[in-house]
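Asks: Give me a 3D structure for the following:
(chains A and B)
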Amino acid sequence: MKDPQRKTNYFLNSCTPVVEDGVVESIHKKTFEKIEECKEHLSPVLTTNTGKKKKIWITVFSSAVAAIFILAIFLINYVSSDKPFMNIVAMTEQQIQDYESNEILLILSDSRQIRFSQDDIISFTSEGALANSMSSICKRNNGSTQNTLNQLLVPKGMRSQLLLSDGTKIWINAGSRIVFPPIFSKEKRQIYIDGEAYLEVAPNRDRPFFVTANGFEIKVLGTSFNVFAYKEDEIKEVALVSGKIEITDEQNQVLEMKPDELVTFSQNCISEKKYVNAKDYKSWIDKILILNGETLESIAHRLTLIYGVKIVCDFSIGEEEVFGKLDLKNNIEEILNYLELMLPLSVTKEDNTFYLRRKQTDV
Amino acid sequence: MLERELLKKIKEGNSTIFHYFMDLYSKDLYLFALGYVRTREIAEEVVSDVFLSVWQNRQKLDQIRSIRTWLFVMTKNRSISYLRKENPDTILSIDDVGEVDNYFISNIQAPDSQIISDEEMARINGAINALPPKCKEVFMLAKIEKIPYKEISRILNISVKTINVHIAKAVGLISKILNE
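Replies: As a prediction, this is how the structure comes out:
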């Protein structure tokens, strides 16, 4: 009687599940109740400016009466001291959204931009000046200092090495951003990482080293460890190779790590701690990826960053665990061929995207 | 209002605009969450958690490439965490990478029973819920939430081709029922 195609279209365009009355209102109400409850956790990154401030902020906020009073104190602190580190980090963020290029870009605190290639080691002298030869070419202009931090952007498909003014050495993996001051303050050293980096922090008991990542902070006394914390990724990891570090997550959970421990974060909270061979987690600096049962899906994601190509992993095979070593000196085709040998996998390339699917056994 | 302006206002802490933002996404996220957690109470919890997280992270909102993708991904993750927490060992098994072994689409209704009869609708609803879970997840996002395939591919981490296969299966089933 009626055109079936019309019916199908009508179904697809006009029919939806009914949302019960009051759901939207109830969600509004719950959200605002939660916002009230979590007031003391609001914008935790801003409160992590210094450990001391953070403590005042949290302990007193548990008492509602004193809340406004302390907020005022906090605001005074906040305004009078130099701008909180994370604020500047957030400010510089806008300049570089989706930085895609084939060059490593260093933006200095005085807005000078310097490009590097893959093999350059970018190093700073103890006075905070760039030690690379080209620094003599770029004269410092004392005019407009926009922010007081340097930042290094490493695009997908590239890696870089950075030597900071205090002697700390950092290997930075593909698709990452590091923000750091030209010279560290007297009391502490602080940097920000979005992405993956392996750090060998120069020991200095009087000036602890802080790494702020998205969702957690690491306090370091002089050690080496790997941080895997891409802002867009749900899962973040820290692997400690040697020394001792202390981690604080967004819920202010504090955890002390010992060598060969791996801490995993999910939704910015510490979710798991396990024993691993931590050296495996920094193998990428030697262009090797050691796999200890990571899922194919997570490996595809890592390769996407390392090689700057697009890899889509089908759900039918994404959970396959992979063990072995990948030599990152090979090109991406060779790596995928190798995975094809290890797994029931078929790789196809369409429009510059690699698709990984389960190999069809039956015809 | 453009999404950019909207997010800028939220970043500035404008709670009126935040209400408006919640109005925009509440129903969609609620329906999506309901598919995992099944009960109204928990779905509301999940969505309000997601909005709380938007508010808490409002300073960073402009760094997110697509706010909608982000919201849906968070809704899925939150739903799964809720399931894990609430029922650590019930029928709902969820594996390590967050694949659920079932997804549920609540009854779809036709505003006009002249075009599709109640009886046909009941059969469609039955048939849809008998589909494999992944297919239902895709169908929910593509046909009910009307999200472009490219975005779904990012939300569920599957290829557009796979989405096509799932959708063809679901739509084929529906038009078959309506054809009889």
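
Asks: which stretches of chain B have low pLDDT?
Replies: The model of chain B has pLDDT under 70 over residues B:1, B:87-99.

Asks: at 80 what do you get?
Replies: B:1-4, B:62-65, B:84-101, B:180 (pLDDT under 80).

Asks: Tell me where it has helices.
Replies: Ranges of helices in chain B, per DSSP state H, are B:3-11, B:15-37, B:40-56, B:67-86, B:118-129, B:133-139, B:149-156, B:160-179.

Asks: same question, chain A
Replies: Under DSSP H, chain A gives helices at A:4-14, A:23-37, A:44-47, A:51-61, A:67-80, A:85-93, A:296-307, A:332-342.

Asks: I'd assumed residue A:170 was in contact with residue A:196.
Replies: No: in this structure, residue A:196 is not within contact of residue A:170 by CB atoms under 8 Å, at 10.8 Å. Just so you know, the C-beta spots here come from the backbone N, C-alpha and C atoms, and that holds for glycine as well.

Asks: quick one, which of those two is more surrounded?
Replies: residue A:196 (27 against 23; other CB atoms under 10 Å in any protein chain shown).

Asks: Excluding sequence neighbours, find me the nearest residue to the more buried one.
Replies: Take residue A:196 and drop its neighbours on the chain: the residue closest to it by CB to CB, 6 or more residues apart in numbering or on different chains is residue A:173, 3.9 Å away.

Asks: which residues does that neighbour contact?
Replies: By CB atoms under 8 Å, 6 or more residues apart in numbering or on different chains, residue A:173 lies in contact with A:154, A:159, A:195, A:196, A:197, A:198, A:284, A:305, A:306.

Asks: excluding its backbone neighbours, what's nearest the closest residue to chain B within chain A?
Replies: Closest contact between chain A and chain B, by CB to the nearest CB, is at residue A:30 (3.6 Å). Distance criterion CB to CB, 6+ apart; nearest residue to residue A:30, sequence neighbours excluded, is residue B:48 at 3.6 Å.

Asks: how deep is residue 102 tucked in, by neighbour count?
Replies: Answering for chain A, as no chain was given. 12.

Asks: actually it's chain B I care about, not the one you picked
Replies: Based on other CB under 10 Å, the number of other residues close to residue B:102 is 16.

Asks: Please apply the same query to residue B:158.
Replies: Residue B:158 has 23 neighbours, counted by other CB under 10 Å.

Asks: what do you get for residue B:113?
Replies: 12.

Asks: since we're on the residue nearest to it when sequence neighbours are not counted, how many residues are nearby?
Replies: Leaving aside its chain neighbours, residue B:113 sits nearest to residue B:121 (7.7 Å; criterion: CB to CB, 6+ apart). Residue B:121 has 19 neighbours, counted by other CB under 10 Å.

Asks: Tell me who's in contact with residue B:121.
Replies: Contacts here follow CB under 8 Å, 6+ apart; on that basis residue B:121 touches A:15, B:108, B:109, B:110, B:113.

Asks: so the first one touches residue B:107, yeah?
Replies: No: taking CB under 8 Å as the contact criterion, residue A:15 and residue B:107 are not neighbours in contact, 10.1 Å apart.

Asks: More neighbours: those two, which one.
Replies: The residue with more neighbours, out of residue A:15 and residue B:107, is residue A:15; 21 against 13, by other CB under 10 Å.

Asks: Ramachandran coordinates for that one?
Replies: phi -100, psi 130 (degrees, to the nearest 10).

Asks: would CSV of the contacts of residue B:121 with distance to residue A:217 be doable?
Replies: CSV is the format used below for these (distance: CB to CB, whole Å):
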residue, distance to residue A:217
A:15, 49
B:108, 47
B:109, 50
B:110, 53
B:113, 58
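
Asks: and the two most separated of these?
Replies: The distance between the two most remote of the contacts of residue B:121 (CB to CB) is 12.7 Å, for B:108 and B:113.

Asks: Domain-wise, how is chain B divided?
Replies: As recorded under automatic domain parsing, the domains making up chain B are B:3-86, B:118-179.

Asks: how far away is residue B:65 from chain A?
Replies: According to CB to the nearest CB, to the nearest Å, residue B:65 stands 7 Å off from chain A.

Asks: just checking, residue B:68 touches residue B:151?
Replies: Yes: Residue B:68 lies in contact with residue B:151 (CB under 8 Å); the separation is 6.8 Å.
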